[in-house]
Every structure is written in structure tokens, then in C-alpha cells.
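> I'll drop the sequence and a predicted model, then ask my questions.
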Amino acid sequence: MDTVELAEIIATDYDGLYRQLEDTRSCDLLEHHPEVAEAMAHTTPGRGLDIGCGRGGNTLLLARARFNMKAVDLSESAINLLLAMAVMEDLKIEAIADNIFCELLPCDHSIIVCTYFFGHMGEERDHWLINRMKEKTKVGGVNVITTFDLYPERPHRKMYRFTQAQFLEMYTGWKIISCSMEPFETSTETKPLNVIRLIAKKLEE
């Protein structure tokens with residue numbers, strides 16, 4: 001299955017989920033991830049990118065803090081929800097429904113966020129995306145990643161894992177602000193899942 005076909009299947013699944021939430025504006029569904037708030041203290045406002053933004057809690061947080069935000073998600077319904085919230089708060093946010101793996105990043109970013117997006121597209125594509133995130137972050141900018149450590153086998157992918165050691169190796173030469181792993185307590189998988197949270201800052205090359 002190629003990237004475009006897989007992205008369309010995932011987008012259809014999430015569109016159905018987000019359409020059920022279109023009339024819901026409750027705060028719990030728009031909460032940001034605490035690691036994103038923590039990362040803001042380690043860079044200065046500038047261009048920001050939220051990959052797999054969902055309903056946009058992280059995007060909204062950063063836009064309120066005067067980051068020039070672009071948000072990308074496979075789901076058009078999620079993007080519509082985010083844009084509606086941006087209008088309500090009078091925030092300037094560029095949000096597009098697109099195949100993230102075809103999205104070209106034209107310039108350097110102060111912050112790039114990717115929370116709970118890995119696993120949908122497979123191990124090889126995830127590693128490609130991490131390399132693009134690093135490449136398109138400016139010196140002094142930060143990357144924020146939140147991901148499960150285990151992605152069980154699915155029809156479109158083999159089982160694979162992420163480890164803290166992998167992230168530390170991938171971000172060699174960067175300042176590791178934090179890299180933690182903790183149990184994901186509400187997991188429904190037969191194998192227990194952990195959540196890895198990484199904040200890394202790009203240093204002079």
C-alpha cells in the first residue's frame with residue numbers, strides 16, 4: 001500500500017471520529033500536551049509546525065503565545081474544527097488537510113510538534129519524518145515528540161518499537177531537555193504500552 005492510499009484510509013477513519021465532535025467545544029477535548037508548554041520556555045516565538053494536529057490544542061496554545069503556526073492533519077474534519085476555534089479566538093493559524101508525508105517544509109522553525117502521530121504510517125515513514133523535523137528546525141529551535149513505544153502489527157505495518165535510547169541517538173548533537181517514558185494506563189492493547197516524551201533543542205552545527 002503506497003503512502004497516498006494509506007493516508008486516505010487513515011483520513012477517512014479520523015474524519016468520522018471528528019465529525020462526531022463537531023458540535024463539541026469542551027476544554028478537555030482541546031487540551032494541549034504539557035510537554036509542549038514546557039518546550040515553549042526553551043525557544044523564542046517564531047514559525048511553528050504542528051504535525052498530526054488533530055483538534056489543535058497544541059496549535060492553539062502556541063498561537064496564543066505568538067508563534068506563527070501552521071498545522072497539518074490528514075483529517076479535513078479536524079482541520080475544520082481547529083479553524084473554527086481560531087476564528088473564535090481571533091488567532092491567525094494556517095491549517096491544512098494534507099498528506100503529511102508529501103508536505104514540504106519551506107523554511108526553518110522555532111518549534112515542531114508531533115504528538116501521537118507515529119504508528120499510523122509505518123516505521124520507515126516515521127523515521128523519515130523525524131529526519132525532516134530535525135532538518136527544518138532552526139538553531140535554537142525545539143522538537144517535541146510524544147509517541148507510544150510499541151506499535152502492534154496491523155494490516156498495513158509490521159510490529160515495531162521506539163525506545164528512549166533510539167531517540168537519544170537520533171538527536172545526538174542536540175540538547176536533550178527531557179526524554180521520559182511512563183506507562184500508558186488506559187491502554188487496551190494486549191501488550192502494555194508506554195509513552196515516550198521528548199523535548200530536544202537544536203544547537204549550533
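Yep, that arrived.
> Low-confidence regions, this structure specifically.
Regions of the chain meeting the criterion pLDDT under 70 cover residues 1-30, 100-106, 121, 152-159, 186-191, 205.
> what about Arg125, is that helix, strand or coil?
The assignment at Arg125 comes out as helix when based on DSSP: H, G, I helix; E, B strand; the rest coil.
> how close does it sit to Ala41?
31 Å (C-beta to C-beta, to the nearest Å). Quick note: C-beta positions are derived from backbone N, CA and C, even for glycine.
> Please identify which of these two sits among more neighbours.
Taking other C-beta atoms under 10 Å, Arg125 and Ala41 do not tie; Arg125 has more neighbours (17 against 9).
> Roughly how far does that one sit from Leu62?
25 Å.
> ok, the strand or helix carrying Val72: who's next to it in the sheet?
Assigned by DSSP states H and E, Val72 belongs to strand 68-73. Strand pairing for strand 68-73, determined by DSSP bridges: strand 47-51 (parallel), strand 93-97 (parallel).
> Report how many residues lie close to Trp174.
18.
> Can you give the distance from the strand holding Val72 to the centre of its chain?
Taking the mean of its C-alpha atoms, strand 68-73 sits 10 Å from the chain's own mean (C-alpha atoms, centre = their mean, to the nearest Å).
> Quick one: name whatever helix or strand follows that strand.
Using DSSP H and E, the first helix or strand after strand 68-73 is helix 76-88.
> just checking, what packs against that following helix?
Using 3 or more C-beta pairs under 8 Å, 6 or more residues apart in numbering; DSSP states H and E, the elements in contact with helix 76-88 are helix 3-19, helix 57-64, strand 68-73, strand 93-97.
> what angle separates the shortest one from helix 76-88?
Right, the one you point to is strand 93-97. Angle between the axes of strand 93-97 and helix 76-88 is 170 degrees (criterion: axes from the mean of the first three to the mean of the last three C-alpha atoms, to 10 degrees).
> State the distance from Glu204 to Glu169.
Distance from Glu204 to Glu169, by C-beta to C-beta: 20 Å.
> Among these two, which residue is more densely surrounded?
Comparing Glu204 with Glu169 by neighbour count (other C-beta under 10 Å), the higher total belongs to Glu169, at 9 against 6.
> that's a helix at that one, yeah?
Yes - Glu169: assigned to a helix according to three-state DSSP.
> give the contact list for the most centrally placed residue in the chain.
Computing the C-alpha centroid of the chain and ranking residues by C-alpha atoms, centre = their mean puts Cys114 first, at 1.9 Å. Contact analysis of Cys114 by C-beta atoms under 8 Å, 6 or more residues apart in numbering lists Asp50, Ile51, Gly52, Leu129, Met133, Asn143, Val144, Ile145, Thr146, Thr147.
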